[in-house]
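Asks: missing the sequence, but the structure's below:
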């Protein structure tokens, strides 16, 4: 069983600045993930050719179960408002997270996370160097699914936490609280904007892979994580492998963890 997380950066290439849906689909298909959490996902955005990136990912993986949930309506960095559950089927530009599964999803669960009240600096990749901009934070969203896997029922979730230091820790506590209401074992596939071992420190959850994922040309920091709740972790199998290939788009690299098909002793960091 392969579980992955990937911040798409709305599918834009760092080399040519283009968003090409064919390139996106091919690259995601090669990840061969059974369940994939996606962040910075566009739908109906002019900057990405009005494409539905979650649907492209689902089709590339042959996944019949997928959900996209917008965090905002509009375009981040320009004009946007917080999305609500009523916006999920709208035609306006949306931006958020998605979860794609080859396994049957028994139920979906959405938790909305408030934005930080203050502006904060963020690094934006450019063709030759990183640029620092002062930006308003965006509201965030947690998307969880109870999935019927070969290992039995597993709660798998994705989110993209704030880039504002401290506020992302607060959001991580809200994520943990929301997921603890769902069945164990629980796995989080996410861009947490928290480096290295900090998610484990602040959540008590175990990280199943420790490799740098950002920035994609030469990763120095791990912002993208596959975490398992300590409660119920004994029901998860051994980690067999970790992949983090460079793809032809995004400033992040994906992170994919391969687990054994049958229960065993889980190796954790």
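Replies: Great, that's in hand. A quick note: this is a predicted structure, and the numbers were derived from the prediction, not measured.

Asks: quick one, phi psi at residue 171?
Replies: phi -60, psi -40 (degrees, to the nearest 10).

Asks: Tell me how far it lies from residue 14.
Replies: Shown here: residue 171 relative to residue 14, a distance of 27 Å by CB to CB, to the nearest Å. Where C-beta positions appear, they are placed from N, C-alpha and C, glycine not excepted.

Asks: Neighbour count: these two, which is higher?
Replies: Between residue 171 and residue 14, residue 171 has the larger neighbour count (other CB atoms under 10 Å), namely 25 against 16.

Asks: Check residue 120 and give its pLDDT.
Replies: For residue 120, the model assigns a pLDDT of 68.

Asks: What residues are recorded as beta-bridge partners of residue 69?
Replies: residue 97 (DSSP bridges).

Asks: I figured it hits residue 139, correct?
Replies: No: with contacts counted by CB atoms under 8 Å, residue 69 stays clear of residue 139, the gap being 11.5 Å.

Asks: Spell out which residues are contacts of both of these two.
Replies: Residues touching both residue 69 and residue 139 by CB atoms under 8 Å, 6 or more residues apart in numbering: residue 83.

Asks: Look at those two and report which has more neighbours.
Replies: Ranked by neighbour count (other CB under 10 Å), residue 69 and residue 139 place residue 69 first, with 24 against 19.

Asks: ok, the more buried one - contacts?
Replies: 83, 88, 96-98, 110, 141, 143.

Asks: again, 10 Å this time
Replies: 41, 54, 83, 85, 87-88, 94, 96-99, 108, 110-112, 141-143, 158-159 (CB atoms under 10 Å, 6 or more residues apart in numbering).

Asks: Point out the ones among those that are inside strands.
Replies: When DSSP state E is applied, the contacts of residue 69 are split such that 41, 94, 96-99, 108, 110-112, 141-143, 158-159 fall in strands.

Asks: Would you enumerate the residues in contact with residue 249?
Replies: Residue 249 neighbours (CB under 10 Å, 6+ apart): 8-16, 18-20, 23-24, 27-28, 216.

Asks: From those residues, list the buried ones, please.
Replies: Buried by 16 or more other CB atoms under 10 Å: 8-14, 19-20, 23-24, 27-28, 216, out of the contacts of residue 249.

Asks: and those as JSON lines, adding distance to residue 195 and secondary structure?
Replies: Output for those, formatted as JSON lines (distance: CB to CB, whole Å; DSSP: H, G, I helix; E, B strand; the rest coil):
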{"residue": "8", "distance to residue 195": "20", "secondary structure": "coil"}
{"residue": "9", "distance to residue 195": "18", "secondary structure": "helix"}
{"residue": "10", "distance to residue 195": "23", "secondary structure": "helix"}
{"residue": "11", "distance to residue 195": "24", "secondary structure": "helix"}
{"residue": "12", "distance to residue 195": "23", "secondary structure": "strand"}
{"residue": "13", "distance to residue 195": "25", "secondary structure": "coil"}
{"residue": "14", "distance to residue 195": "20", "secondary structure": "coil"}
{"residue": "19", "distance to residue 195": "27", "secondary structure": "strand"}
{"residue": "20", "distance to residue 195": "30", "secondary structure": "coil"}
{"residue": "23", "distance to residue 195": "28", "secondary structure": "helix"}
{"residue": "24", "distance to residue 195": "26", "secondary structure": "helix"}
{"residue": "27", "distance to residue 195": "25", "secondary structure": "helix"}
{"residue": "28", "distance to residue 195": "25", "secondary structure": "helix"}
{"residue": "216", "distance to residue 195": "15", "secondary structure": "coil"}
